[in-house]
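Visitor: Provided below for reference: sequence and predicted model.
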Amino acid sequence: MAVMTYAEAIRLAIREEMTKDPTLFMLGEDIGIRGGAFAVTTGLYKDFPNRIIDTPISENAIPAIAYGAAITGVKAIAEFMYADFSLLGIDHVINSAAKYRFMYGAQGTVPVVFRLPGGGGRQNGAQHSQCLEAMFSNIPGLKVVMPATPADAKGLLKAAINDYNPIAFIEHKAMYFDKGEVPEDPDYIVPIGKGVIRRAGTDITIVATAMNVTKSLKAAETLEQMGISAEVIDMRTIVPYDKELIFDSVKKTGRILVTHEAPTMYGIGGEIVAAVAKECFSYLDAPPQRVGSKFLPMPYNKTLETHVLPQIEDIVEAAKSAVEY
Amino acid sequence: METKEFYLQKYGLDTLLDMYRRMVLIRDFEENIKILYQNSLATGAMHLSVGEEACAVGACFALEERDKFVTYHRGHGHNIAKGADVGRMVAELMARKDGLCKGRSGSMHIFDASIGALGAQGIVGAQVPIACGIAFSGKLRGLDYVTASFFGDGASNNGAFHEGMNMAAIMNLPVVFICINNGWAVTTPVTYSVKAESIAIRAKAYGMEGVVVDGCNVLEVRDAVGKAVEKARTGGGPTLIELKAYRWYGHYVGDDTSRYRNPDDEKQARDTMDPIKIYSQWLLSNGLCGESDLREMEAQAKQIIEDANEFAMNSEQPSIEDMYAETYYIPEGGDVSWLS
């Protein structure tokens, strides 16, 4: 184990995979000398000068090139500088990559990872802060991954690179400099489709993604002081997601709260809650709870931004109301 | 246009006649699809390439077997010209199991990895930057294939075109961009949508060579594309070739062109811009074949279409289970239960 940041863990995953596979390449804006907007790829261009490709500001062409290359036998990583910019190239994520295997009669695979730095809390404003996982998750053919720790950032990215399916790999910008222990084993992977219980509990199941895993763990500490034992599940991957882990937990606790940073309304929490309502109906002791952002674009002003984003106390309040129901 | 001797020496008589056969086959294929569609045997939307046979054959005959291409919704001819199995093409358009894409793609998204047909795009212009990726992949691995990207005049007005052209130029990729300017983007004439003197001239803005070629003359198309392919293969980078042709029919089967085109203009264009007539006259006037040879080659094409129809009619409906198994790549023993 080594202690490193979420950004360094991603870099390590890319370095290890590029070392292993001479056909893996990555392209994006300012990923060479600058190391990308968040210093994720710092130094990689020196070791892989022909495979770390700086592009012009061409967000339609970036995923298109990654896709075109991936269908011809190489592996590709396309970095969008911000997840929000992927909307300029979304055609190739949704219409090209996600449809490829199905539409063309399974004549090959698309080993491509679209790296998407998402999330708010940095006062980057409405066009640099979005959480777009619900949009990607509603597209058959895509897998959607959201690491919440440095170790998972490494392990999930390595799994994604070797999955041979198009992956929306959504990183949280505000976590890039969070530190954690990361296995140095070059074969370490975290399988796609498996969640993990980050904290065991008995009174309520809190299902969380990315930054909200951290917030949920803090909320669980507060809840503990109130005598409420919360079980916190980190989804890790949204498509596919670990239904059994969630159902088993809810059957034990009888209550569910889903929390993500994307707006609550129309968010993936609705999907999870619907599945739980169907599969665990007789186990439920309280109505399901959802805690996400307000249904507003992300503001610049710090006070306003804090209001829009889901906070630890919102999770505490929602969990408490479910337990007291 | 070079002399008969030049073409005989460069391509050989067999190939020159094969080009005629393939052009006739494409036209027969399209006319056949029209009939199938009118009889509800082919459904969805069918965009026919009648009038553009010289573009398809001239360009694809300039490609080697290992070369790749991406095309668009009006792409039947490109697949046939590169060697796609016509029976499996018809089966796909009739949505059958033995179709090239198992009845799941239809006309607009044909893909045939075996001939380097790496996907017709239903999204206009998408194939411009996608071709860059296909080309880059070869370059990365030291392979010397060339990638052709077919698109229409309409695509040259969208953003994907701009980004793809620029990327190909700055990365010096082995791509040949082939714009088939048939004069019409659905109901919008190119005279309205493009202010520049040509589409090819836009290449200059990317530091790329651009040429305008008579897209109704199969030999001129082949010469121009062949030159660009050679340049791309030897590290000279991309070229934009604008092929001027005419879309004989509506945007799709059933589109009434009288709403937006003058029938007299249409007739005149068909009379003067018939690539098959132009090529057959060239073959005859140069004594490369006789009338009876032409009729024989035309009869061969008809037979291929008849056989293709029979193959397609006998093909089963596609499998529902396959859809679940083939939306994602699933390693052996992998779980698909989460999809349903």
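Guide: Structure received.
Visitor: Can you list the residue ranges for helices in the chain?
Guide: Chain wasn't specified; assuming chain A. A:6-20, A:44-47, A:61-70, A:90, A:98-103, A:133-137, A:150-161, A:211-225, A:243-253, A:268-279, A:302-308, A:312-323 (DSSP state H).
Visitor: Can you look at chain B instead?
Guide: So, for chain B - with DSSP H - the helices run B:4-11, B:13-38, B:53-60, B:76-82, B:86-93, B:127-140, B:159-170, B:190-193, B:218-233, B:263-272, B:275-285, B:291-313, B:320-325.
Visitor: Pipe the ones you listed into CSV and attach mean pLDDT per row.
Guide: Output for the helices of chain B, formatted as CSV (pLDDT from 0 to 100):
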stretch, mean pLDDT
helix B:4-11, 96
helix B:13-38, 98
helix B:53-60, 98
helix B:76-82, 98
helix B:86-93, 98
helix B:127-140, 98
helix B:159-170, 98
helix B:190-193, 96
helix B:218-233, 98
helix B:263-272, 95
helix B:275-285, 98
helix B:291-313, 98
helix B:320-325, 93
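Visitor: hey, which of these is tucked in deepest?
Guide: Of all the helices of chain B, helix B:53-60 carries the top mean neighbour count, a mean of 31, counting by mean count of other Cβ atoms under 10 Å in any protein chain shown. No exception for glycine: its C-beta is placed from N, CA and C like everyone else's.
Visitor: so how far is it from its chain's centroid?
Guide: 7 Å (Cα atoms, centre = their mean, to the nearest Å).
Visitor: List of residues touching it?
Guide: Contact with helix B:53-60 is made by B:19, B:22-24, B:26-27, B:49, B:69, B:77-78, B:80-83, B:148, B:150, B:176, B:178, B:180, B:215-222, B:224-225, B:243, B:245, B:275-276, B:278-279, as judged by Cβ atoms under 8 Å, 6 or more residues apart in numbering or on different chains.
Visitor: Report pLDDT for residue 95.
Guide: With no chain named, the answer covers chain A. Among the per-residue scores, A:Asn95 holds a pLDDT of 98.
Visitor: hmm, I had chain B in mind actually
Guide: 97.
Visitor: That one touches B:Glu316, doesn't it?
Guide: No: using Cβ atoms under 8 Å, B:Ala95 makes no contact with B:Glu316, being 10.9 Å away.
Visitor: Neighbour count for these two, which is higher?
Guide: A direct count of neighbours by other Cβ atoms under 10 Å in any protein chain shown for B:Ala95 and B:Glu316 places B:Ala95 higher, at 22 against 10.
Visitor: where's the residue nearest to that one when sequence neighbours are not counted relative to A:Gly105, distance?
Guide: Excluding its sequence neighbours, the residue lying closest to B:Ala95 (Cβ to Cβ, 6 or more residues apart in numbering or on different chains) is B:Gly103, at 4.3 Å. Counting by Cβ to Cβ, to the nearest Å, the gap from B:Gly103 to A:Gly105 is 8 Å.
Visitor: about what we covered before: among the helices of chain A, which comes closest to A:Arg122?
Guide: helix A:302-308 (8.7 Å; Cβ to Cβ).
Visitor: name the helices or strands packed onto that closest one?
Guide: Secondary-structure packing of helix A:302-308 (3 or more Cβ pairs under 8 Å, 6 or more residues apart in numbering or on different chains; DSSP states H and E): no helix or strand packs against it.
Visitor: May I see the buried residues of that helix?
Guide: A:Glu305, A:Val308 (16 or more other Cβ atoms under 10 Å in any protein chain shown).
Visitor: The helices of chain B: which one's closest to A:Gln311?
Guide: So among the helices of chain B, helix B:159-170 is nearest, using Cβ to Cβ, at 39.0 Å.
Visitor: and stretch A:166-176, does that touch chain B?
Guide: No: interface with chain B: stretch A:166-176 contributes nothing (Cβ under 8 Å from any Cβ of the partner chain), its closest point being 9.1 Å away.
Visitor: Output that stretch as PDB, restricted to C-alpha atoms.
Guide: Provided in PDB are the C-alpha atoms of stretch A:166-176 (Å, rounded to 0.1, in the frame of the first residue of the first chain):
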ATOM      1  CA  PRO A 166     -17.500   1.800 -23.600                       C
ATOM      2  CA  ILE A 167     -17.300   3.300 -20.100                       C
ATOM      3  CA  ALA A 168     -18.400   6.700 -18.700                       C
ATOM      4  CA  PHE A 169     -15.800   7.000 -16.000                       C
ATOM      5  CA  ILE A 170     -17.000   9.900 -13.800                       C
ATOM      6  CA  GLU A 171     -14.400  11.300 -11.500                       C
ATOM      7  CA  HIS A 172     -15.200  13.900  -8.800                       C
ATOM      8  CA  LYS A 173     -13.100  17.000  -9.300                       C
ATOM      9  CA  ALA A 174     -13.200  18.000  -5.600                       C
ATOM     10  CA  MET A 175     -11.700  14.600  -4.700                       C
ATOM     11  CA  TYR A 176      -8.600  14.800  -6.900                       C
END
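Visitor: pLDDT on that stretch, on average?
Guide: Across stretch A:166-176, pLDDT averages out at 98.
Visitor: hmm, back to that, which of the helices of chain A sits most buried?
Guide: Note that of the helices of chain A, helix A:61-70 is the most buried (mean count of other Cβ under 10 Å), with a mean of 32.
Visitor: so which of the helices of chain A comes closest to B:Leu36?
Guide: The nearest among these, by Cβ to Cβ, is helix A:98-103 at 21.2 Å.
Visitor: quick one: the closest one near chain B?
Guide: Yes: Helix A:98-103 is in contact with chain B by Cβ under 8 Å from any Cβ, via A:Lys99, A:Tyr100, A:Arg101, A:Phe102, A:Met103.
Visitor: Same list, the helices of chain A, but as a markdown table with mean pLDDT please.
Guide: Below are those laid out as a markdown table (pLDDT from 0 to 100):
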| stretch | mean pLDDT |
| --- | --- |
| helix A:6-20 | 98 |
| helix A:44-47 | 98 |
| helix A:61-70 | 98 |
| helix A:90 | 97 |
| helix A:98-103 | 97 |
| helix A:133-137 | 98 |
| helix A:150-161 | 98 |
| helix A:211-225 | 98 |
| helix A:243-253 | 98 |
| helix A:268-279 | 98 |
| helix A:302-308 | 97 |
| helix A:312-323 | 98 |
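Visitor: could those helices go into JSON lines alongside distance to A:Val291?
Guide: Listed next are the helices of chain A as JSON lines, based on distance: least, Cβ to Cβ, whole Å:
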{"stretch": "helix A:6-20", "distance to A:Val291": "23"}
{"stretch": "helix A:44-47", "distance to A:Val291": "37"}
{"stretch": "helix A:61-70", "distance to A:Val291": "32"}
{"stretch": "helix A:90", "distance to A:Val291": "27"}
{"stretch": "helix A:98-103", "distance to A:Val291": "29"}
{"stretch": "helix A:133-137", "distance to A:Val291": "15"}
{"stretch": "helix A:150-161", "distance to A:Val291": "21"}
{"stretch": "helix A:211-225", "distance to A:Val291": "8"}
{"stretch": "helix A:243-253", "distance to A:Val291": "16"}
{"stretch": "helix A:268-279", "distance to A:Val291": "8"}
{"stretch": "helix A:302-308", "distance to A:Val291": "13"}
{"stretch": "helix A:312-323", "distance to A:Val291": "5"}
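Visitor: quick one: contacts for residue 10?
Guide: Defaulting to chain A. A:Val40, A:Arg115, A:Ala153, A:Lys154, A:Leu157, A:Glu171.
Visitor: that answer is for a different chain, and I need it for chain B
Guide: Residues counted as contacts of B:Lys10 (Cβ under 8 Å, 6+ apart) are B:Glu2.
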